[in-house]
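Enquirer: got a structure for you, letters missing:
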């Protein structure tokens, strides 16, 4: 079986708030937005400037000896560096100073002051750099959740996952490939929590993951200055084609009480969804006590109940085509 063709993510130019909210946002599909003003960061954020303005604030980073990072099996280690030293290293391909090997890769996902409670906010962690970055005004100020620095070595690929909040990924420097999958392809992605077990999406092991070929692959390459709108629940996988700096902006598009207050990352399942998943797990534990043929039969009945109550589709029960 061969992988499906790549579907290009639609590109929109000169998008303002009105166009975004009326023409793009309601579609609930990824979109590349070009020509949106991000501020002087596009010209200023050189390695030297970042190091100077970011200073010696310590940051927790991922360090990997392989290009494909796997969060499920943790094929990387966490280390701490001053931000100015980190920026110097992450922009290099070979390192004179290193933790594991001279060609190790680095990745920063910035964190809040209290990493277990407080979301990242560029204006708090890096106020001097935040002055250069203009957050797109595509949502109300009280919906803002976090602004996250994402800085990675050239060639580093992040695992496929989803978030529960809408977000914009602003690519400030460098080029980045992003592959996305619809929430309705979740059954083909072999999920472990919010992450896919399929690590190599370009050459997957189809003996282990035969249904992966059924997932429609949406793809784009972000250039400096591009914004990528990633709707909540859309799976995404990123590959840094160059050393790059980006800012991820998340916002609450649902009522605030829908979200887990103890979630500083924006990726914990909604409270109602979390409770529902726990209830399903309890129900499955009850079925474990039945003979195999009964367990199979009632498991199928549960699947049918879930399909009837939750799955999007037309009146005939067919799957909605994204």
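Expert: Received the coordinates, thanks. Keep in mind that this is a model prediction, so the values were computed, not measured.
Enquirer: mind listing what's buried in the longest helix anywhere in the chain?
Expert: When the chain is parsed with DSSP state H, its longest helix is helix 292-310. Within helix 292-310, no residue is scored as buried using 16 or more other CB atoms under 10 Å. To be clear about C-beta, it is placed using only N, CA and C from the backbone, and glycine gets the same treatment.
Enquirer: look at the nearest residue to residue 3 once chain neighbours are set aside and give its secondary structure.
Expert: In this structure, residue 3 finds its nearest non-sequential neighbour in residue 213, 5.6 Å apart by CB to CB, 6 or more residues apart in numbering. Going by DSSP: H, G, I helix; E, B strand; the rest coil, the secondary structure assigned to residue 213 is helix.
Enquirer: now residue 213: how far from residue 203?
Expert: 12 Å (CB to CB, to the nearest Å).
Enquirer: swap in residue 96?
Expert: For residue 96 relative to residue 203 (CB to CB), the value is 33 Å.
Enquirer: if we can go back for a sec, is there a neighbour count for the residue nearest to residue 3? I'd like the number.
Expert: Neighbourhood size, residue 213 [other CB atoms under 10 Å]: 14.
Enquirer: distance check, it against residue 239.
Expert: Where residue 239 is concerned, residue 213 sits at a distance of 20 Å (CB to CB).
Enquirer: cool, and residue 294?
Expert: 46 Å.
Enquirer: which ones are touching residue 232?
Expert: 162-167, 253 (CB atoms under 8 Å, 6 or more residues apart in numbering).
Enquirer: how near is the closest residue to residue 9 other than its chain neighbours to residue 58?
Expert: Leaving aside its sequence neighbours, residue 9 sits nearest to residue 220 (CB to CB, 6+ apart; 3.9 Å). Distance of residue 220 to residue 58, given as CB to CB: 34 Å.
Enquirer: more neighbours: which of those two?
Expert: Neighbour totals were compared for residue 220 and residue 58, and residue 220 leads with 21 against 11 (other CB under 10 Å).
Enquirer: next, the residue nearest to residue 9: secondary structure please.
Expert: Applying three-state DSSP: residue 220 is strand.
Enquirer: so it is in contact with residue 8, correct?
Expert: Yes: at 6.6 Å, residue 220 and residue 8 qualify as touching, with contact defined as CB atoms under 8 Å.
Enquirer: list the residues that contact both of the two?
Expert: With CB under 8 Å, 6+ apart as the test, residue 220 and residue 8 reach no residue in common.
Enquirer: in the stretch 201-322 of the chain, where is pLDDT below threshold?
Expert: Scanning the stretch 201-322 of the chain for pLDDT under 70 picks out the ranges 312-322.
Enquirer: where do the strands of it begin and end?
Expert: Shown for the stretch 201-322 of the chain, the strands assigned by DSSP state E, counting those that start in this stretch span residues 217-222, 227-230, 235-240, 244-251.
Enquirer: out of those strands, nearest to residue 106?
Expert: Closest to residue 106 of these is strand 235-240 (CB to CB; 10.4 Å).
Enquirer: compute the inter-axis angle for that closest one and strand 244-251.
Expert: Angle of strand 235-240 versus strand 244-251, following axes from the mean of the first three to the mean of the last three CA atoms, to 10 degrees, is 160 degrees.
Enquirer: in contact with residue 135, which residues?
Expert: 144, 147, 249 are the contacts of residue 135 under CB under 8 Å, 6+ apart.
Enquirer: surely the last one meets residue 146?
Expert: It stands for residue 249. Yes: using CB under 8 Å, residue 249 makes contact with residue 146 at a distance of 7.4 Å.
Enquirer: can you tell me the closest non-neighbouring residue to residue 244?
Expert: residue 174 (2.6 Å).
Enquirer: now that neighbour: how far from residue 73?
Expert: Taking CB to CB, one finds residue 174 at 27 Å from residue 73.
Enquirer: could you do residue 249 as well?
Expert: Relative to residue 73, residue 249 is positioned 30 Å away (CB to CB).
Enquirer: rewinding a little: for the residue nearest to residue 9, give the beta-bridge partners.
Expert: residue 178 (DSSP bridges).
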